[in-house]
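Novice: Okay, here's the prediction I keep looking at, along with the sequence it came from:
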Amino acid sequence: MFPVFRPQHLSGLQLVSDLCSGSLQGAAIGSTDVSLSPGKIRAGNHTADTQTAGSVCLLLQVALPCALFADSSSQLCLKGGTNAEMAPQIDYTLKVFKPVVEKFGVSFDCDLRMRGYYPKGGGEVLVTVTPVKELQPVTMTERGNITKIYGRAFVAGVLPYKLAKDMSTAAVRTIRREIKELYINIQALQEKEMACGSGNGIIIIAESSTGCVFAGSALGKKGVYADKVGIEAAEMLLRNIRHNGCVDEFLQDQVIIYMALAKGRSRIRTGAVTLHTQTAIHVAEQLTQAKFTITKCEDELSSNVTFIIECEGSGATNTHL
Ligand SMILES: Nc1ncnc2c1ncn2[C@@H]1O[C@H](COP(=O)(O)OP(=O)(O)OP(=O)(O)O)[C@@H](O)[C@H]1O
């Protein structure tokens, strides 16, 4: 049973089916019962279009693990929303997800051709994925100090530049209350040529001395003041760097599949384990030989609670290379 509610889920499944020469049955919007029987993974060109503002980042999320095990490089042309709700913004995928999955040996390049927003979509990215022989395990257990905080607050289309300024100012002010020692640069931007439709949003990224990357983000909605959007993103970031975990609440579920596929033991320290992460672990254990454990760690000196997600990976090997 797999809930398929939205167009992006459907185009994601179709993309994966295309990538693995699969046979897909029961895939339709609203369907709850889908079966996919994979065949040989096909490298080369693949296109997926959510037809809406459905996220191109979620398309990449499902396609990347497959394309890594092809016999040569894949070009994925993904169309839809680049900065969409309930999904990583493309800036998150490139600035937070990418450097962390590169530690596993994942390698991809992304040409951001057009940004697209709710409700129109119309965004497009061209992602080139280099295949791997196998993935290596990753240990991320030391958070270190936060050394850099930066970001972008954007408006596109008919929306006034002032909204970008207001998001940025409110976000900086909120972070400053807690973090005084760092210069925080959140650039206010008016998207021009490379944007389809109207939209506004913000992403703020924090980097640590040990190579951890975290983000807080939010998108503008009708009737919501721009400063509220900025504050929402800032509070999300602060929530994710207050604990001593090495990934934020979103990256947590996104790295599970790479831990499961890697050859050897990965260990990642996190904040509270999300339901999405628990689901990703459950599915990864069903589909591979990987074994996960979660251990709670209480720091006696502070009231800080973290968790170590540990995985003995299945050591998937690309037999084509
Ligand atoms: N603000 C965000 N920043 C980064 N990643 C995000 C953000 N919001 C969601 N994600 C990621 O997007 C993916 C999908 O999340 P989400 O659960 O919201 O969508 P869904 O699975 O399509 O919906 P549902 O949970 O309602 O079934 C997850 O990997 C999640 O971590």
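Specialist: All right, it came through fine. Residues are numbered from 1 along each chain as shown.
Novice: Show me the helices in this protein, by range?
Specialist: 7-19, 56-67, 90-92, 98-102, 161-178, 226-242, 251-261, 275-287 (DSSP state H).
Novice: I'd like those helices as JSON lines, with mean pLDDT appended.
Specialist: Putting those into JSON lines (pLDDT from 0 to 100) gives the following:
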{"stretch": "helix 7-19", "mean pLDDT": "92"}
{"stretch": "helix 56-67", "mean pLDDT": "97"}
{"stretch": "helix 90-92", "mean pLDDT": "98"}
{"stretch": "helix 98-102", "mean pLDDT": "98"}
{"stretch": "helix 161-178", "mean pLDDT": "98"}
{"stretch": "helix 226-242", "mean pLDDT": "98"}
{"stretch": "helix 251-261", "mean pLDDT": "98"}
{"stretch": "helix 275-287", "mean pLDDT": "98"}
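Novice: nearest to Phe214, of those helices?
Specialist: helix 226-242 (4.8 Å; C-beta to C-beta). C-betas here are computed from N, CA, C, even on glycine.
Novice: Count the residues that sit near Ile146.
Specialist: By other C-beta atoms under 10 Å, the residues close to Ile146 number 17.
Novice: Would you quantify the distance from it to Ala206?
Specialist: Taking C-beta to C-beta, to the nearest Å as the measure, Ile146 falls 5 Å from Ala206.
Novice: for Thr295, same thing?
Specialist: For Thr295, the distance to Ala206 - C-beta to C-beta - is 25 Å.
Novice: Which one's more surrounded, the two?
Specialist: Set Thr295 next to Ala206 and count neighbours by other C-beta under 10 Å: Ala206 wins out with 25 against 11.
Novice: doesn't Leu238 make contact with the more buried one?
Specialist: No: counting by C-beta atoms under 8 Å, Ala206 stays clear of Leu238, with 9.2 Å between them.
Novice: what residues does the chain put near the ligand?
Specialist: Leu58, Met86, Ala87, Pro88, Tyr92, Ser217, Phe250, Asp253, Gln254, His276 (C-beta under 6 Å from any ligand atom).
Novice: Can I get the buried ones among those as something I can paste into PyMOL?
Specialist: Only the buried entries of the residues of the chain next to the ligand go into this PyMOL selection, using 16 or more other C-beta atoms under 10 Å:
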select buried, resi 58+87+88+92+217+250+253+254
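Novice: how about low-confidence regions in this protein?
Specialist: Low-confidence segments of the chain (pLDDT under 70): 1-5.
Novice: Using the record's domain definitions, break it down for me.
Specialist: 7-130, 146-241, 248-312 (automatic domain parsing).
Novice: got the end-to-end distance for the first one?
Specialist: Right, the one you point to is domain 7-130. By C-alpha to C-alpha, to the nearest Å, the extent of domain 7-130 from end to end equals 27 Å.
Novice: same thing with stretch 86-93?
Specialist: 13 Å.
Novice: And the domains of the chain: which comes nearest Thr139?
Specialist: Taking those one by one with C-beta to C-beta, domain 248-312 is closest: 4.8 Å.
Novice: Start and end of that closest one, how far apart?
Specialist: OK, domain 248-312 end separation, C-alpha to C-alpha: 22 Å.
Novice: and it, how far out from the chain's middle?
Specialist: Computed by C-alpha atoms, centre = their mean, to the nearest Å, the separation of domain 248-312 from the middle of its chain amounts to 16 Å.
Novice: Which of the helices of the chain sits closest to Val127?
Specialist: Closest among the helices of the chain, once you apply C-beta to C-beta, is helix 56-67, at 5.9 Å.
Novice: So which elements touch the closest one?
Specialist: Applying 3 or more C-beta pairs under 8 Å, 6 or more residues apart in numbering; DSSP states H and E, one finds that helix 56-67 contacts helix 7-19, strand 44-49, strand 74-80, helix 90-92, strand 107-116, strand 123-130, helix 251-261.
Novice: what's the nearest residue to Glu285 if we skip its chain neighbours?
Specialist: Counting by C-beta to C-beta, 6 or more residues apart in numbering, Glu285 lies nearest to Phe292, which is 6.4 Å off, once chain neighbours are set aside.
Novice: contacting residues around that neighbour?
Specialist: Ile256, Met259, Ala260, Ile281, Ala284, Glu285, Ile309, Glu310, Cys311 (C-beta atoms under 8 Å, 6 or more residues apart in numbering).
Novice: Point me to the residue of the stretch 201-321 of the chain nearest the ligand.
Specialist: Phe250 (3.3 Å; C-beta to the nearest ligand atom).
Novice: Verify the stated contact: that residue with Tyr92.
Specialist: Yes: assessed by C-beta under 8 Å, Phe250 is found in contact with Tyr92 at 7.3 Å.
Novice: any shared contact partners between those two?
Specialist: With C-beta under 8 Å, 6+ apart, Phe250 and Tyr92 have common neighbours Ala215.
Novice: what's the burial count for the nearest residue to Gln25 once chain neighbours are set aside?
Specialist: Leaving aside its sequence neighbours, Gln25 sits nearest to Ser35 (C-beta to C-beta, 6+ apart; 4.8 Å). Per other C-beta under 10 Å, the neighbour tally for Ser35 reads 11.
Novice: If anything else comes up later, I'll come back, but that's it for now.
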